[in-house]
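1. Attaching a predicted model along with its sequence, questions to come.
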Amino acid sequence: LKYETSRYFNEEDIKEDGYFIGGLFIEGAVFDVTNLTIKESNNKQLYSPLPFIKISFVNKETSSINTKGSNSKLKLYTFKCPVYKSIHKTDNNLNKNPIFYLKLRSKEKREKWIERNVCSVLILK
């Protein structure tokens, strides 16, 4: 499976065919819709919404991160962002492990996001 961030925050705006996941939030960063990257939050907001994620079925040997719609002159890095089912990551054994990992692009090296414990959650409780 391939997961791509879209520019859509509202289901009504999606005009293309495919499978999309909505309701994701990112903790410790914000999503830059212009460059389709994550970046540092300007305000002290702990959680911010992620756009819909498009799911594609691809051949593993030919898959790559889509850079369509981004500035190709930017040096981009990939952060493998863990996605948890809720914000309570350590409540029990089920929440200790992420559901899946979402490859998010960034102008910053992945180590920055790892040190800040950036993650995504499906349900805010």
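-> Here it is on my side, so go on.
2. For Leu24, see how far away Lys75 is.
-> Note on Lys75: its distance to Leu24, by Cβ to Cβ, to the nearest Å, is 26 Å. For every residue, glycine as well, the C-beta is placed using N, CA and C.
3. In terms of neighbours, single out the busier of the two.
-> Leu24 (19 against 6; other Cβ atoms under 10 Å).
4. List the contacts of that one.
-> Contacts for Leu24 (Cβ atoms under 8 Å, 6 or more residues apart in numbering) come out as Pro49, Leu50, Ile53, Val83, Leu102, Ser120, Val121, Leu122.
5. Could you turn the buried ones of the residues you listed into a PyMOL selection?
-> Buried residues within the contacts of Leu24, by 16 or more other Cβ atoms under 10 Å, are selected in PyMOL with:
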select buried, resi 50+53+83+102+120+121
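6. Switch the contacts of Leu24 over to JSON lines; also include distance to Val30, pLDDT and secondary structure.
-> Listed next are those as JSON lines, based on distance: Cβ to Cβ, whole Å; pLDDT from 0 to 100; DSSP: H, G, I helix; E, B strand; the rest coil:
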{"residue": "Pro49", "distance to Val30": "9", "pLDDT": "94", "secondary structure": "strand"}
{"residue": "Leu50", "distance to Val30": "9", "pLDDT": "95", "secondary structure": "coil"}
{"residue": "Ile53", "distance to Val30": "16", "pLDDT": "93", "secondary structure": "strand"}
{"residue": "Val83", "distance to Val30": "16", "pLDDT": "93", "secondary structure": "strand"}
{"residue": "Leu102", "distance to Val30": "15", "pLDDT": "94", "secondary structure": "strand"}
{"residue": "Ser120", "distance to Val30": "12", "pLDDT": "94", "secondary structure": "strand"}
{"residue": "Val121", "distance to Val30": "14", "pLDDT": "92", "secondary structure": "strand"}
{"residue": "Leu122", "distance to Val30": "18", "pLDDT": "87", "secondary structure": "strand"}
